[in-house]
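> Take a look and give me a structure for this.
(one chain, ligands or ions: 5)
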Amino acid sequence: MELQLEDTIILIDTSRSMFRKDFDPNRISAAKKAIKDFVISKNQIDDRDQFAIVTFSSEAKVLLEMTSYIDDVLDAIDGIEIGGTSGLGEGLAVALQLIVKEIQQLGEKGYRMLIISDGKAWGSTIDPLRMSKIAQGLKVKIDCVGLSELGLSYRDSVLERISSQTGGEYRKIYDSRSLSDALTELSSKKEISPSARKADSAAVGALLETIAEDLLRPADLSEDQSHLVDLLIGKEKSKCIICFQDICPICHGPFYSCGRYCPNCKSPMHLHCAAEWASASKAVSGDNVFRCTRCYFLLKVPASYSKIKTLKGTHHYSATELQEDDTALFVKVNDFSDELAAAVDPICHSIFDNEENVYQCTNCGTFYHAECLDKWLEDRASGGACRVCGKKITL
Ligand SMILES: [Zn+2]
Ligand SMILES: [Zn+2]
Ligand SMILES: [Zn+2]
Ligand SMILES: [Zn+2]
Ligand SMILES: [Zn+2]
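Ligands and ions are numbered 1, 2, ... in the order given. Below is the predicted model:
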């Protein structure tokens, strides 16, 4: 019988708690050795199978792209380093992005994941269970090995829930020896249906949009997470990694108005800069999906923001530059949506308290206070154009 090709993404927790010495000589060294046993045993079963390695702590990183070249895999395992707190959600998200990249190129193959962690997922800004649901949809089985998850009930162990959700196996491990045994055992082939039949580009585009994460609003960060942002980014906390400025070049607001964070590396960026980057880079299908310029994580901006692509280079418009048909209808807003609650007026850079006297550009979705819009239209410098998308305003 011919064996089905089966690629494995190994996710390894590199948070500081992995230094604990309850395993001989410590958790991380024991894990590295056991992963090597897993890889070697799997390679003996079928040397065509590939491996990729993702590490997760304060941010998730692809340590090794898919390869069947066993020496590279073993070298990469040796190179695993510890640091930060664990973000299981981010790790899973990065692993899924790897798989989708592979599906785009190949199709017809089984994918599985192996997670080794001590299960403390509190650093995650991305919900690991939401990620595992997506994995389940892609028919990716996830085996989880929980180190020293002492006294955890089913409800407490995120790892156990991920395994059961995706049809993988869960093992609780307390010492180095049984860790190696368990991983060698898990190396045998699984019954996995191929993740996706040769997906057409539209389907892959939709899939990319599903797995791409929203940017985080500063207000969405928990206390731990904003502490993490301080730690990782420090003084550069409000300097956009796309335009390298604090003030947004598109809406002219200070960082707090349209500033967001990458959910993986926590880098700051203006939502407007991100939208322009997404539509200009075309690195991935879909106008509103793009890769973080720092960590390459797949991100998305709200679809309405992709309309700012009409901006090219300069953000100043004069009335004569605008064509007759280059207009955007402004409509009166009549309900206090979540979108409005989170918006900032590009003229005064203040928020909106309620839906009264608010206008919205139907081209780019930007909200304006009625008074601010009046002032703006009287200002000759405005050229009568939306400050964000540059279309001529019609009321
Ligand atoms: Zn920017
Ligand atoms: Zn902006
Ligand atoms: Zn990033
Ligand atoms: Zn205003
Ligand atoms: Zn507009």
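> In the chain, where is pLDDT below threshold?
The model of the chain has pLDDT under 70 over residues 1, 104-108, 120-123, 149-156, 194-202, 232, 235, 282-286, 306-325.
> ok, which stretches of it are helices?
Here the chain has its helices, by DSSP state H, at 27-45, 70-78, 88-105, 128-137, 158-166, 176-185, 201-211, 223-233, 255-258, 271-281, 338-341, 370-378.
> and of these, who's closest to I242?
helix 271-281 (3.9 Å; Cβ to Cβ). C-beta coordinates here come from the backbone N, C-alpha and C atoms, glycine included.
> packing partners for that closest one?
Secondary-structure packing of helix 271-281 (3 or more Cβ pairs under 8 Å, 6 or more residues apart in numbering; DSSP states H and E): strand 259-261, strand 289-291, strand 298-300.
> Any part of the second one near ligand 3?
Right, strand 289-291. No - counting by Cβ under 5 Å from the ion, ligand 3 has no neighbours in strand 289-291; the shortest distance is 8.4 Å.
> ok, back up a step: dump the helices of the chain to JSON lines, plus distance to ligand 1 and mean neighbour count.
Listed next are those as JSON lines, based on distance: least, Cβ to the ion, whole Å; neighbours: other Cβ atoms under 10 Å:
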{"stretch": "helix 27-45", "distance to ligand 1": "38", "mean neighbour count": "20"}
{"stretch": "helix 70-78", "distance to ligand 1": "34", "mean neighbour count": "15"}
{"stretch": "helix 88-105", "distance to ligand 1": "23", "mean neighbour count": "24"}
{"stretch": "helix 128-137", "distance to ligand 1": "28", "mean neighbour count": "19"}
{"stretch": "helix 158-166", "distance to ligand 1": "35", "mean neighbour count": "21"}
{"stretch": "helix 176-185", "distance to ligand 1": "45", "mean neighbour count": "18"}
{"stretch": "helix 201-211", "distance to ligand 1": "23", "mean neighbour count": "15"}
{"stretch": "helix 223-233", "distance to ligand 1": "14", "mean neighbour count": "15"}
{"stretch": "helix 255-258", "distance to ligand 1": "8", "mean neighbour count": "21"}
{"stretch": "helix 271-281", "distance to ligand 1": "3", "mean neighbour count": "23"}
{"stretch": "helix 338-341", "distance to ligand 1": "20", "mean neighbour count": "12"}
{"stretch": "helix 370-378", "distance to ligand 1": "21", "mean neighbour count": "16"}
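> Which one, of the ones you listed, ends up nearest to F330?
helix 370-378 (7.2 Å).
> ok, and what's touching that closest one?
By Cβ atoms under 8 Å, 6 or more residues apart in numbering, the residues outside helix 370-378 that reach it are F330, D345, I347, C348, N357, V358, Y359, Y368, S382, G384, R387, I393.
> Nearest to ligand 2 among those residues?
Closest to ligand 2 out of the contacts of helix 370-378 is R387 (9.6 Å), distances taken as Cβ to the ion.
> The closest one: how many residues sit nearby?
R387: 24 surrounding residues under other Cβ atoms under 10 Å.
> could we number from 15 for the rest of this?
With 15 as the first residue, the last one maps to R401.
> wait, doesn't it sit right on C265?
Yes - with contacts counted by Cβ atoms under 8 Å, R401 reaches C265, the gap being 6.5 Å.
> and for these two, which residues touch both?
Residues touching both R401 and C265 by Cβ under 8 Å, 6+ apart: P360, T380.
> So in terms of bridging, what pairs with the closest residue to V87 other than its chain neighbours?
Leaving aside its sequence neighbours, V87 sits nearest to F65 (Cβ to Cβ, 6 or more residues apart in numbering; 4.8 Å). Note on F65: beta-bridge partners by DSSP bridges are T22, T81.
> got the contact list for F65?
Counting by Cβ under 8 Å, 6+ apart, F65 has contacts D21, T22, I23, I24, V53, K56, L78, M80, T81, S82, V87.
> Now do the same contact list for the nearest residue to S202 once chain neighbours are set aside.
Leaving out its chain neighbours, the residue that sits closest to S202 by Cβ to Cβ, 6+ apart is I59, at 6.6 Å. Counting by Cβ under 8 Å, 6+ apart, I59 makes contact with L17, S201, S202, K203.
> Closest residue of the stretch 65-214 of the chain to ligand 3?
Counting by Cβ to the ion, the stretch 65-214 of the chain gets nearest ligand 3 through E73, at 7.3 Å.
> Surely that residue is in contact with C279?
Yes - between E73 and C279 there is a contact under Cβ under 8 Å: 4.7 Å.
> ok so, going back, from R308, how far off is the residue nearest to V87?
From F65 across to R308, the span is 25 Å (Cβ to Cβ, to the nearest Å).
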